[in-house]
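Asks: only geometry, no sequence info:
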């Protein structure tokens, strides 16, 4: 019997200190500038709470985090995840004027190797982050699992930039899989692509599906075309603020294979995990919790 792989994909919004200067209120310190209301948590407290939630049940094999930019939060997350038996992969800083990609991968399965590509295309404040795609290959019982983690350009009007980044990601995936031994592969992270509006696929989402045409959108597949939003400014207003009003699905798990491989009968699942403690969510995004049947 093959053991399934239990995955969590989560944008945790630990922004770099410099990035907070450009948001109101100015110089908020280690509180999130986006938090409203009476209850606030310092980054250190939020990182410790998050690490506890991710490790207390010992039921995730693989955790993919985005926006782990702030060094003080990254240290806490790495320390606690390593203490719980995870191997950690992040992207090193190669330019002192830039922050990292913000990606962090934690795996209980042995990591065979890794590679990273930085996107050439970016705009706005994303130009000061080394966003890209991080690939790790994990040992499996019968075959490797190649995980491609990414966080694409933010912004409602950044469709062209995201499309260029998707083309770069496509070339990277093809190169990495072309030189690797056979195995399973999955793409996951915050793609900043709205999947649906008014129940219908968006044009940008259809473009994503064309570019990665052999990959299945697990959330949409298992929810029969009605996936849940992972960014909800109505329910999660205290962590998002008052200026947004549309629920959006921005986070994805894309798996390569045939639809019949990923049925609930075969142990496949996916759902939204909110991580709400004492009435306040731990991030502006909700997480995707998934089980892959390999």
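Replies: Noted; the coordinates are in hand. Every value quoted in this text rests on a predicted model; they were computed, and no experiment measured them.

Asks: roughly how far apart are the closest residue to residue 292 other than its chain neighbours and residue 138?
Replies: If the residues on either side of it in the chain are set aside, residue 292 comes closest to residue 5, at 4.5 Å by Cβ to Cβ, 6 or more residues apart in numbering. (C-beta placed from N, C-alpha, C; glycine too.) Between residue 5 and residue 138 the computed distance is 8 Å (Cβ to Cβ, to the nearest Å).

Asks: what residues do those two have in common as contacts?
Replies: Listed as contacting both residue 5 and residue 138 by Cβ atoms under 8 Å, 6 or more residues apart in numbering are 62, 109, 145.

Asks: did I read that right, the second one in a strand?
Replies: What it means is residue 109. No. Under DSSP: H, G, I helix; E, B strand; the rest coil, residue 109 falls outside any strand and is assigned coil.

Asks: before we move on, back to that, thought the residue nearest to residue 292 was touching residue 291?
Replies: Yes. Here residue 5 lies in contact with residue 291, judged by Cβ atoms under 8 Å, at a distance of 7.1 Å.

Asks: got the buried residues for stretch 278-291?
Replies: 280, 281, 282, 283, 284, 285, 286, 287, 288, 289, 290, 291 (16 or more other Cβ atoms under 10 Å).

Asks: count of residues packed around the residue nearest to residue 292?
Replies: Counted with other Cβ atoms under 10 Å, the neighbours of residue 5 add up to 22.

Asks: pLDDT weak spots in the stretch 1-150 of the chain?
Replies: 1-2, 17-39, 93-98 (pLDDT under 70).

Asks: where exactly do the helices run in it?
Replies: With DSSP state H, counting those that start in this stretch as the criterion, the stretch 1-150 of the chain has helices at 17-20, 43-55, 71-83.

Asks: check the gap between the spatially most central residue of the chain and residue 261 for me.
Replies: For the chain, the residue nearest the mean C-alpha position is residue 189 (3.0 Å; Cα atoms, centre = their mean). Distance of residue 189 to residue 261, computed by Cβ to Cβ: 22 Å.

Asks: residue 176 too?
Replies: Counting by Cβ to Cβ, the gap from residue 176 to residue 261 is 21 Å.

Asks: please apply the same query to residue 104.
Replies: As for residue 104, its distance to residue 261 is 28 Å (criterion: Cβ to Cβ).

Asks: who's more crowded, the two?
Replies: Residue environment comparison for residue 104 versus residue 261 gives the larger neighbour count to residue 104, 26 against 15, counting by other Cβ under 10 Å.

Asks: OK, contacts around the more buried one?
Replies: Taking Cβ under 8 Å, 6+ apart, we find residue 104 in contact with 63, 64, 65, 68, 74, 77, 78, 88, 89, 90.

Asks: hmm, residue 14 and the fourth one touching each other?
Replies: Read that as residue 68. Yes. Applying Cβ under 8 Å as the test, residue 68 and residue 14 come out as touching, 5.5 Å apart.

Asks: need the overlap of contacts for those two.
Replies: By Cβ under 8 Å, 6+ apart, residue 68 and residue 14 have these common neighbours: residue 74.

Asks: tell me the contacts of residue 49?
Replies: With contact set as Cβ under 8 Å, 6+ apart, residue 49 has these partners: 41, 277, 282.

Asks: hang on, I meant residue 211
Replies: If you count contacts by Cβ under 8 Å, 6+ apart, then residue 211 has 166, 167, 170 around it.

Asks: and for residue 126?
Replies: Residues 153, 154, 155 are the ones in contact with residue 126 under the rule Cβ under 8 Å, 6+ apart.

Asks: check the gap between the first one and residue 52 for me.
Replies: I take that to be residue 153. 32 Å.

Asks: who has more neighbours, those two?
Replies: Just comparing residue 153 and residue 52: by other Cβ under 10 Å the higher neighbour count belongs to residue 153, 25 against 12.

Asks: for the more buried one, pull up the helix or strand it's in.
Replies: Take DSSP states H and E as the rule and residue 153 turns out to sit in neither a helix nor a strand.

Asks: which phi and psi does it have?
Replies: Summarising the backbone geometry of residue 153 under the convention degrees, to the nearest 10, its torsions are phi -50, psi 140.

Asks: pretty sure it sits against residue 122.
Replies: Yes. At 6.2 Å, residue 153 and residue 122 qualify as touching, with contact defined as Cβ under 8 Å.
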